[in-house]
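Have a look; sequence and predicted model below, questions after that.
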Amino acid sequence: MRNTQEYKSLYDMCARDGCVICRLVLENTSRYLEHWKYELFTDVGVRQELRRARGFCHRHTWQLARMGASLQLAQAYRDIISDTVERLQQGEAVMGRFRRLKETKREQGSCPACRSEVKAEERYIHTLRRALLEEEFYERFSTSHGLCLEHFRQASEAKVAGDWLAKLRAAQLLCLQRLDEQLGELIRKHDYRFRDEPHGPEMVSWKYAAGIVAGEE
Ligand SMILES: [Zn+2]
Ligand SMILES: [Zn+2]
């Protein structure tokens, strides 16, 4: 277990800010999009899949744009524009993706990057459960920021009950209590009477709270 790449990634991520699963999944998605940008976009199968899916979802389309994948997007999305032109010419209904909040689970599922994300999420959560049984990992995880609430919920869904669930709950409790105290300090120091007290790491705790409640950016 300790020698697997995923265990090591999880272990290392515990030293960084925010939910470890969010961070690893976001890294995974960046790698997937890089791969698409440099290689996959010319692959006939992938191109067909993207055409059927009517592109990446809103979030991943604009992530690619920020990554400078302009030519790749031009090629892939031209397929979709051409299809649409054809449908309009033939008097057929035109399909599009819903955006943001309106994006249904099914719509997200058709985005290749979202699918890669869901797979990575399942893989890392599976490894996390097993890693928690290692004392070394448990201690390290207890000093991290813990999991965002959504990943904690997913990780707690016990398909296989085991000691890991008690470990997960105990570690998450420690992480959240620490954050709770820091938030209390941040709020207290905003009071003018305590404004001159030295500022510590608690001053950025609002950011960690945002990531834990809403998921990392
Ligand atoms: Zn998360
Ligand atoms: Zn997506």
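In hand now; what should we look at? Ligands and ions are numbered 1, 2, ... in the order given.

Pretty sure residue 19 sits against residue 154.
No. Counting by CB atoms under 8 Å, residue 19 does not reach residue 154; the two are 11.1 Å apart. Yep, even glycine has a C-beta here, placed from its N, CA and C like the rest.

These two - which one has more neighbours?
residue 19 (25 against 14; other CB atoms under 10 Å).

Torsion angles phi and psi at that one?
Note on residue 19: backbone dihedrals following degrees, to the nearest 10 are phi -60, psi 130.

Apart from its neighbours in sequence, what residue is nearest it?
residue 148 (3.9 Å; CB to CB, 6 or more residues apart in numbering).

do you know how far the one you found is from residue 127?
With distances taken as CB to CB, to the nearest Å, residue 148 is found 17 Å from residue 127.

For this protein, what lies in contact range of ligand 1?
Within reach of ligand 1 by CB under 5 Å from the ion, the chain has these residues: 19, 21, 22, 148, 151.

Could you find which two of the residues you listed are furthest from each other?
Greatest spatial distance among the residues of the chain next to ligand 1 (CB to CB): 21 and 148, at 7.4 Å.

Please identify which of these two sits among more neighbours.
More neighbours surround residue 21 than the other of residue 21 and residue 148, with 25 against 22 (other CB under 10 Å).

Point to the helix or strand of this protein where mean pLDDT is at its lowest.
Every helix and strand of the chain was ranked by mean pLDDT, DSSP states H and E. The lowest is helix 105-109, at a mean of 59.

quick one: average confidence on the next helix or strand after it?
Using DSSP states H and E, the next helix or strand after helix 105-109 towards the C-terminus is helix 112-131. Throughout helix 112-131, pLDDT has a mean value of 94.
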